[in-house]
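Peer 1: requesting a structural model of the entry that follows:
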Amino acid sequence: MTTAPRCDRTTAWAALKGHYEAHGRDFDLREAFARDPGRFAAFGVEAPEVFADLSKNHLDLATLKLLLELAQECRLAERRDAMFAGAPINHTEGRAVLHTALRAPQGRGPHSAEVHEVLDRMLTYVEEVRDTARSGIRHVVNIGIGGSDLGPQMVVPALDAFVHPGLNFHFVSNVDGHDITPVLRKLKPEETLFIIASKTFTTQETMANAHVAKAWFLQHGGADTAKHFVATTTNVEAAAEFGIATTFGFWDWVGGRYSLWSAIGLPIALAIGADNFRALLAGAHAMDRHFAEAPLERNLPALLGLLDVWYRNFHHYTSRSIAPYHQGLRRLPAYLQQLEMESNGKCVDLDGERLPFGTSPVVWGEPGTNGQHAYFQMLHQGTDVIPVEFVLVKRPTHPHADLHAKLLANGLAQAQALMLGKTTEQARGEKAPTASSELDAQTVARHRTFPGNRPSTTLLLEQLTPRSLGALISLYEHRVFTSGALWRINSFDQWGVELGKALCNDLLPRLGSGELGGLDGSTAGLLRRLTA
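Peer 2: You can find the predicted model right below:
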């Protein structure tokens, strides 16, 4: 475990505070571009499969220099190397953090023999199921929650162009029966494969839904549980008791939100096939090598993580909006919510000391252009400054070139509008056909003024393929690692999810008994109403 200082106890942090007060607080993007016509080239960064335009951020070379000094003082490279080497950097649980080993080529990462034995066995099974004429499978239902759901649920629609045309994929996560009921309505037992995704085979929501699925299967004439149910779990004995014969395991050094590369990726592999799943892994591995080897000043995950620290701790921006301009990436914001907010939503450092600064921002968003007709009003004219992250894909996998041109033009225009804004004088010089005739021109112009100078990042992919998506996800993982390392927190535990689960176990029997003893007034009152 590194003994690196926490970011706020470094010389660079103090320098950044002074720099922010002198130059950062009033930084204006429009003036920055006027001063430096080469700003796009200076703040454009190439990484495997991803180009990033950082030029529309509240960032200059002086700021970047100080942020890089902060990374050096906090020994970011040392902590990164410890992760890749398999050191137990998840120190509260005494575990290594080795999702990177899951996508390393054979012989190139820790635990390589174990990783590739499971991978090869899983992909052999995948090809058997994908031979739908022999397997008879038409529907695949993944039953999991959190990391056992969000990764596959994001990747499968993202790679729709590569999905087996004879297979339909469904994802059930919520313990609310309104989630599983409409899915089961579409199915026939003889055509359905259920994947039960739970490392321990004890996850409350997952096992509740698994038992509903099994009961439905048997009640509707299902006769071979072993053929139609498969588990991604380490608890082979519990899976066998359930009636499952085929299991694929993973290890305690694979965190849930980093697990789509493991057996948890079984629905992804079933969707896109063995070769494409290996391409997904290869893209992630390429980004791993970039993060491990590129100098920090051109290291895209590190730069994004440093930018996040600059925004969260100096500008005090509390959220970041993700705007993927690709319908396939519609679940990317939800996936990133878990990745970032579960990883870095911590209030104590590695020593358990309370932090005096903010950590994870709120991550949220919707695909463009839908978001433009929902919350972009606030991004442009609201009282809070919210950095936006645009994800653009140059080439579509559909034939409608005119639609794609409109999509790209919208993405570019939104980033440009956030930066440039519109002055009151400009607004007054325009016609506003829908404006009330009762208002004077100056008042209308003030309503149509955009402050501008609102920061954004644009990530550009050539095409959304298994390889490029793997690289993009890996980029986000290492970005989260970077900011967590500077904050000196453990990005790999999640104690915050435990308390509610424990209290649920106490409240569940009370819904049957109506027992209110020992409860606070609010919970007792609500329980009384629910059981009346």
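Peer 1: can we go C-alpha only for contacts and neighbour counts from here?
Peer 2: Noted.
Peer 1: what's the pLDDT at the spatially closest residue to residue 25 that is not a sequence neighbour?
Peer 2: Residue nearest to residue 25 in three dimensions, not counting chain neighbours: residue 315, with 7.1 Å by CA to CA, 6 or more residues apart in numbering. For residue 315, the pLDDT comes out at 98.
Peer 1: hang on, isn't residue 315 packed against residue 27?
Peer 2: No. If you go by CA atoms under 8 Å, residue 315 and residue 27 don't touch, sitting 10.6 Å apart.
Peer 1: who's in contact with stretch 8-22?
Peer 2: Residues outside stretch 8-22 that contact it (CA atoms under 8 Å, 6 or more residues apart in numbering) are 7, 63, 66, 67, 69, 70, 73, 74, 314.
Peer 1: quick one: residues contacting the residue nearest to residue 451 when sequence neighbours are not counted.
Peer 2: Of all residues not flanking residue 451 in the chain, residue 421 sits nearest, at 5.2 Å (CA to CA, 6+ apart). Contact analysis of residue 421 by CA under 8 Å, 6+ apart lists 380, 449, 450, 451, 452, 453.
Peer 1: switch the cut-off to 6 Å
Peer 2: Counting by CA atoms under 6 Å, 6 or more residues apart in numbering, residue 421 touches 450, 451, 452.
Peer 1: could you single out the nearest of those residues to residue 106?
Peer 2: Residue 106 lies nearest to residue 452 out of those, by CA to CA, at 49.7 Å.
Peer 1: spatially nearest residue to the residue sitting nearest the centre point of the chain (excluding sequence neighbours)?
Peer 2: The centroid of the chain falls nearest to residue 336 when counting by CA atoms, centre = their mean (1.9 Å). Leaving aside its chain neighbours, residue 336 sits nearest to residue 363 (7.0 Å; criterion: CA to CA, 6+ apart).
Peer 1: what's around the one you found, how many residues?
Peer 2: 20 (other CA atoms under 10 Å).
Peer 1: what helix or strand is it on?
Peer 2: Using DSSP states H and E, residue 363 maps to strand 362-365.
Peer 1: low-scoring stretches of the stretch 201-350 of the chain, by residue?
Peer 2: Counting by pLDDT under 70, the stretch 201-350 of the chain contains no low-confidence residues.
Peer 1: can you show me the helices along it?
Peer 2: 204-219, 225-228, 236-242, 266-272, 274-293, 300-310, 332-336, 343-344 (DSSP state H, counting those that start in this stretch).
Peer 1: can you select the buried ones among the contacts of residue 421 for me in PyMOL?
Peer 2: Those of the contacts of residue 421 that count as buried under 16 or more other CA atoms under 10 Å are selected in PyMOL with:
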select buried, resi 450+451+452
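Peer 1: closest one of the contacts of residue 421 to residue 484?
Peer 2: Ranked by distance to residue 484 (CA to CA), the contacts of residue 421 are led by residue 452 at 30.0 Å.
Peer 1: right, and the helices of the stretch 201-350 of the chain - which one's nearest residue 532?
Peer 2: helix 204-219 (25.0 Å).
Peer 1: give the buried residues for the closest one.
Peer 2: Neighbour counts over helix 204-219 (16+ other CA under 10 Å) mark 205, 206, 207, 208, 209, 210, 213, 214, 216, 217 as buried.
Peer 1: list the buried ones in stretch 182-202?
Peer 2: Quick answer for stretch 182-202 (16+ other CA under 10 Å): 184, 187-199, 201.
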